[in-house]
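Undergrad: no FASTA, just this:
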């Protein structure tokens, strides 16, 4: 279990299926998924639980201070790009605007940079999702590019912003002295 200031991240368990089913069937939450979203049935999630949770992405649930399940965060190593990871985060809407996503992101960044040997962590965000963009900037991410007309959202194609944070940027933000291996 990973601990942040406000959240704890733990492995997904089968008892979490109802929560995932609720999230993945809420249009307000899934509208920025960037795909033609067909909500999965509870039966589909049950039948495919281990496949879904054991793909190239690692899913962790987000628990708040009261140990209530409020969302999930995922990470995956980008193939053939040593030390590069991609993350994503989803929070149940009744827990928006409380700092949980920001704390979960900072917690997973600490884990990836300090324990998994990450050099760079990136994410994609639909340009309409201003709340998420602000959160990512507050976590130290930098906007580094745009993928034009990448996702179909609300009946139109939208741009996706690519954002990233490097290890030295994370360490500076966290107040940790960084020495690049190439500097020796």
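TA: Right, received. Where do you want to start? In this text the structure is predicted, and so the values were computed from the model without any measurement. Numbering: from 1, shown residues only.
Undergrad: so which residue is smack in the middle of the protein?
TA: What sits nearest the mean C-alpha location of the chain, by C-alpha atoms, centre = their mean, is residue 88, with 2.1 Å.
Undergrad: for residue 128, grab phi and psi.
TA: Note on residue 128: its backbone torsions stand at phi -70, psi -20 [degrees, to the nearest 10].
Undergrad: about what we covered before: pretty sure the residue nearest to the centre of the chain is touching residue 125, no?
TA: No: using C-beta atoms under 8 Å, residue 88 is not in contact with residue 125; the gap is 9.3 Å. All C-beta atoms are positioned from the backbone trio N, CA, C, and that covers glycine.
Undergrad: now for this protein: which helix has the highest residue count?
TA: helix 100-115 (DSSP state H).
Undergrad: what helices or strands is it leaning on?
TA: strand 2-3, strand 8-11, strand 58-63, strand 69-77, strand 84-91, strand 120-126, helix 130-138, helix 167-174 (3 or more C-beta pairs under 8 Å, 6 or more residues apart in numbering; DSSP states H and E).
Undergrad: tell me which residues are up against the fourth one.
TA: I take that to be strand 69-77. Here strand 69-77 makes contact (C-beta atoms under 8 Å, 6 or more residues apart in numbering) with 7, 9, 12, 16, 19-20, 23, 56-64, 84-92, 95, 100-101, 104-105, 108, 112, 116, 121.
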